[in-house]
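S.K.: When you get a sec, could you give me coordinates for this:
(one chain, ligands or ions: 3)
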Amino acid sequence: MRTLIKGGTIVNADATTSADVLVDGERIALIGSDLDVEADRTIDASGKWVIPGAIDVHTHMELPFGGTFAKDTFETGTRAAAFGGTTTIIDFAVQAKGQSLREGLDAWHAKAEGKACVDYGFHMIMSDVTDDTLAEMDTLVDEGVTDFKLFTAYPGVFYSDDGAIFRAMQQTARNGGLILMHAENGMAIDVVAAQNVDAGNTDPYYHGTSRSPVMEGEATNRVIRLAQVAGVPVYIVHLSAIDALNEVRRARDEGLPAYAETCPQYLFLTLEDMGNGFEGAKFVCSPPLRPAEHAGELWKGLAKDDLQVVSTDHCPFDFHGQKELGKGDFRKVPNGLPGVEDRVNLLHSGGVVDGYLTPNRWVEVISAAPARMFGLEGRKGVVGIGADADLVVYDPTAKHTISAKSHHMDVDYSCYEGREVTGRADIVLSRGKVIVDGDEWLGAAGDGRFLKRAPTGDLLSRT
Ligand code: URP
Ligand code: ZN
Ligand code: ZN
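M.R.: Ligands and ions are numbered 1, 2, ... in the order given. Next up is the predicted model:
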């Protein structure tokens, strides 16, 4: 099957060019002006951009949390991702306490195989660092699961102490992988949260005020310094606060291999969204939403490469029946927000249209940097000859209004309900196959393949 995409403007992270793209089978075969070649199908992209399919390196399909499970499956979540222009996800397999990494990883393969509609990889959440699990890390890197997320938050669940984190970092320095850190001081946060509940402050808003940005800054500095001594790059996930951003900036100015992502919720939503009684539960995530001044600084950080990636931390729970588990005690609200479908358009609208990001920088933070930093360079994240034909014909002028009534995520609300965005994925190809055409779904569960990724520790240590 050969598909010719004609007349579009190719927007890559490093250049913008007017050219046609010929897809042959699963790959991009040819790029050039006015290509005069035979094709089975021609897509008219005039007036549109042709961008590499976006990559979301932080999703949680069916994550167990707070006595329930994140609602999207690999099927519903990746279909929604595709409608939003995302053609690759990297999800977090979970090692529960007492389990081996293998058991956790096998469970995630079983969830995804035959269900995912787009290509997917895994990181591994490590919640039990032992001699055995340290040894298993090397095996996982060989299998293409090259990154390990550890937590200074969620005591009793995913939390690891500094010694455990340091041991995992040392192991990763040897095996060439990457350490991902959820950096908040969970121990101190739990004290404040309990004091709030004891004082009768049980609404979701107090989830936000219990988790001071200072405690994110403190933990961010701590894990960066642990990584410095262990001699390993570190990537801070879902960075939300100026305090944490400044620690990343300081480390990078010192020449340390410290990296970070932020998420749309920290760029577009604020602590105020967590008010309004129990409605605020819709916005409970960790780290929490912050006062508005933090978002302004995150946008600057994104523009200047203090932050390298925007992921979603997609972790959807229905408001009715799931978020409601926390009625009367905000600590019981399952943590996480839906977003896998909205990231590309939100970032285009609030980033490119509003003037914070160039179109190339937008492609960099949603696709090219994720590919490079997570071992997919050359295959994903670029409109280039030989790369997988994961392509989006993007209309940068189309407007639409985000709503739970029309989104494809399997969750009963949207954090961005009623927000108008500019920009929309018109046609989406996954390895050469058109899977989204306007509002029409042409993909299939099981078409997504597991991506064995290359370790990037050495690369990220050098740059
Ligand atoms: O609130 C969040 N972020 N839920 C998902 C789990 C995590 O910490 O990433
Ligand atoms: Zn986290
Ligand atoms: Zn997460």
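S.K.: Let me see the ranges of the strands in the stretch 251-400 of the chain.
M.R.: 258-262, 309-310, 391-401 (DSSP state E, counting those that start in this stretch).
S.K.: Outside of the longest one itself, which residues are in contact with it?
M.R.: If I follow you right, that is strand 391-401. 5, 8, 11, 21, 23, 28, 43, 45, 47-54, 85, 87, 344-345, 348, 352-353, 359, 383, 418-429 (C-beta atoms under 8 Å, 6 or more residues apart in numbering). For glycine as for every other residue, the C-beta is placed from the backbone atoms N, C-alpha and C.
S.K.: Counting neighbours, which of the residues you listed end up buried?
M.R.: Neighbour-count burial (16 or more other C-beta atoms under 10 Å) applied to the contacts of strand 391-401 gives 5, 8, 11, 21, 23, 28, 43, 45, 48-54, 85, 87, 344-345, 348, 352-353, 359, 383, 419, 421-429.
S.K.: Now, those residues that are in helices?
M.R.: Among these, DSSP state H puts 344-345, 359 in helices.
S.K.: Might you enumerate the residues of this protein proximal to ligand 1?
M.R.: 60, 182, 238, 285-286, 313, 315, 335-336 (C-beta under 6 Å from any ligand atom).
S.K.: make it 8 Å
M.R.: By C-beta under 8 Å from any ligand atom, the residues of the chain that approach ligand 1 are 58, 60, 63, 65, 70, 92, 149, 151, 153-154, 158, 182, 237-238, 284-287, 313, 315, 334-337.
S.K.: longest helix in this protein, by residue count?
M.R.: Looking across the chain with DSSP H, the single longest helix is helix 213-230.
S.K.: Mind listing what's buried along it?
M.R.: Judged by neighbour count (16+ other C-beta under 10 Å), helix 213-230 contains these buried residues: 213, 215-228, 230.
S.K.: Centre of the chain to stretch 443-452, how far?
M.R.: In this view, stretch 443-452 has its centroid 18 Å away from the chain centroid, taken as C-alpha atoms, centre = their mean, to the nearest Å.
S.K.: which residues touch the residue in the stretch 101-250 of the chain positioned nearest to ligand 1?
M.R.: Minimum separation of the stretch 101-250 of the chain from ligand 1 (C-beta to the nearest ligand atom) falls at His182, amounting to 5.0 Å. Contact analysis of His182 by C-beta under 8 Å, 6+ apart lists 149-154, 158, 237-238, 286.
S.K.: cool, Glu364 as well?
M.R.: Contacts of Glu364 by C-beta under 8 Å, 6+ apart are Ala13.
S.K.: How much space separates it from Ile90?
M.R.: Computed as C-beta to C-beta, to the nearest Å, the Glu364 to Ile90 distance reads 17 Å.
S.K.: Repeat that for Gly386.
M.R.: Per C-beta to C-beta, Gly386 is found 22 Å from Ile90.
S.K.: Now the buried members of the residues of the chain next to ligand 1.
M.R.: Neighbour counting with 16+ other C-beta under 10 Å marks 58, 60, 63, 65, 70, 92, 149, 151, 153-154, 158, 182, 237-238, 284-287, 313, 315, 334-337 as buried within those.
S.K.: hey, where'd the helices end up in the protein?
M.R.: For the chain, the helices defined by DSSP H cover 74-83, 101-112, 131-142, 162-175, 186-198, 205-210, 213-230, 242-253, 264-268, 292-303, 343-346, 359-363, 369-373, 457-462.
S.K.: Tell me what angle the third one forms with helix 101-112.
M.R.: In terms of direction (axes from the mean of the first three to the mean of the last three C-alpha atoms, to 10 degrees), helix 131-142 departs from helix 101-112 by 50 degrees.
S.K.: so what secondary structure elements neighbour helix 131-142?
M.R.: helix 101-112, helix 162-175 (3 or more C-beta pairs under 8 Å, 6 or more residues apart in numbering; DSSP states H and E).
S.K.: Please apply the same query to the second one.
M.R.: Judged by 3+ C-beta pairs under 8 Å, 6+ apart, helix 101-112 is in contact with strand 86-94, strand 119-125, helix 131-142.
S.K.: mean confidence score for it?
M.R.: Per-residue pLDDT over helix 101-112 has a mean of 98.
S.K.: Ignoring the adjacent residues along the chain, who's closest to whichever residue of the stretch 1-150 of the chain sits closest to ligand 1?
M.R.: In the stretch 1-150 of the chain, no residue comes nearer to ligand 1 than His60, which is 5.3 Å away by C-beta to the nearest ligand atom. Among residues not flanking His60 along the chain, Cys315 sits closest, at 4.0 Å (C-beta to C-beta, 6 or more residues apart in numbering).
S.K.: Glu113 too?
M.R.: Nearest residue to Glu113, sequence neighbours excluded (C-beta to C-beta, 6+ apart): Phe450, at 7.3 Å.
S.K.: right, and that neighbour touches Tyr120 too?
M.R.: Yes. Using C-beta atoms under 8 Å, Phe450 is in contact with Tyr120, at 6.4 Å.
S.K.: list residues touching both of the two?
M.R.: Ala112.
S.K.: more neighbours, the two?
M.R.: Ranked by neighbour count (other C-beta atoms under 10 Å), Phe450 and Tyr120 place Tyr120 first, with 25 against 17.
S.K.: how about that one, what does it touch?
M.R.: 74, 78, 88-91, 112, 448-451.
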